[in-house]
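Novice: Need a 3D model of the sequence below.
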Amino acid sequence: MRMLLLVTGTLVASLPAQSGVVASVPSELRITDAGVQRAAGVVDSVFLQRTHPIDTVAVGDYAAYLLARLGVPPFGDSLAFVVTSDTALVRISGRLADFPAETRAELGPIFRFVDSLAPFVAEIALTNAANGIQRWRLVRVTVNNFAIPALLLDPALREYDRRYPVLASGGREFLVAMPPEATVRLVPDGLELRMPARPGD
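Specialist: Below is the predicted model of the structure:
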């Protein structure tokens, strides 16, 4: 998702083991290697094999699936982010301290001004999900419920935009191809994938 997807999404592979709080969260709402496989199975059954005209994939699993498509290495069994959604936004939450040292260095201006134990939330919107394109857009990142100013966030996003060709709009958007006739919509803690029946089915 243009979770990544962004600042949070593109470098989660090097995160440390999760805290006890994250460990209590269902695996489908975290970013895991198993989630990549679960999401791929749903995507294939609806979009490719077309054995199901409609199905729902957990939002954490789908986030992991999209990160894998970006080329992020395997995640291991535990990451310290939680991924949730409602019908309007995907939210990736965690702590600044959960980012690896390399990411903290890249996001230096942010970490210099904020307590590393502060909670953050990245809010991502699905702005288009038809005509063969899913367009995920990073709406904002908050730390302690305060939005990070574009002056601090945009330089890091532009660097990710340079690294990953599927990103657009200065790193704020992530474009995902799908069949032209397919549609996707956000549901609570998941995404509903839908394909119309083929003539004769």
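Novice: now the helices for the protein?
Specialist: Assigned by DSSP state H, the helices in the chain fall at 20-23, 33-43, 59-70, 101-106, 108-113, 150-163.
Novice: List the contacts of the residue nearest to residue 180 when sequence neighbours are not counted.
Specialist: Leaving out its chain neighbours, the residue that sits closest to residue 180 by CB to CB, 6 or more residues apart in numbering is residue 132, at 4.1 Å. C-betas here are computed from N, CA, C, even on glycine. Shown in contact with residue 132 (CB atoms under 8 Å, 6 or more residues apart in numbering): 177, 178, 179, 180, 182.
Novice: Ramachandran angles for residue 132?
Specialist: phi 80, psi 10 (degrees, to the nearest 10).
Novice: So residue 138 sits against residue 126, correct?
Specialist: No. Using CB atoms under 8 Å, residue 138 is not in contact with residue 126, being 11.6 Å away.
Novice: So for those two, which sits in the more crowded spot?
Specialist: residue 138 (29 against 21; other CB atoms under 10 Å).
Novice: Is that one bridged to anything, and to what?
Specialist: Counting by DSSP bridges, residue 138 forms beta bridges with residue 124.
Novice: coming back round to it: so what pLDDT did the residue nearest to residue 180 get?
Specialist: If you check residue 132, the pLDDT there is 94.
Novice: Return the distance of it relative to residue 154.
Specialist: Relative to residue 154, residue 132 is positioned 28 Å away (CB to CB, to the nearest Å).
Novice: so where do the strands sit in this structure?
Specialist: Secondary structure of the chain (DSSP state E): strands at 2-5, 54-58, 82-85, 90-95, 119-130, 133-143, 146-147, 167-168, 173-177, 183-187, 190-194.
Novice: Chain neighbours aside, what residue packs nearest to residue 153?
Specialist: Excluding the flanking residues, the one nearest residue 153 by CB to CB, 6+ apart is residue 141, at 6.1 Å.
Novice: Determine the number of other residues adjacent to the residue lying closest to residue 89 once chain neighbours are set aside.
Specialist: Nearest residue to residue 89 in three dimensions, chain neighbours excluded: residue 123, at 5.0 Å (CB to CB, 6+ apart). Using other CB under 10 Å, residue 123 is surrounded by 18 other residues.
Novice: Tell me, how many residues neighbour residue 48?
Specialist: Other residues close to residue 48 by other CB under 10 Å number 11.
Novice: Contacts only, for it.
Specialist: Residue 48 touches nothing, counting by CB under 8 Å, 6+ apart.
Novice: how far away is it from residue 129?
Specialist: Remark: distance between residue 48 and residue 129 (CB to CB) = 17 Å.
Novice: What of residue 171?
Specialist: 20 Å.
Novice: So for the two, which sits in the more crowded spot?
Specialist: More crowded of residue 171 and residue 129, by other CB under 10 Å: residue 171, with 25 against 20.
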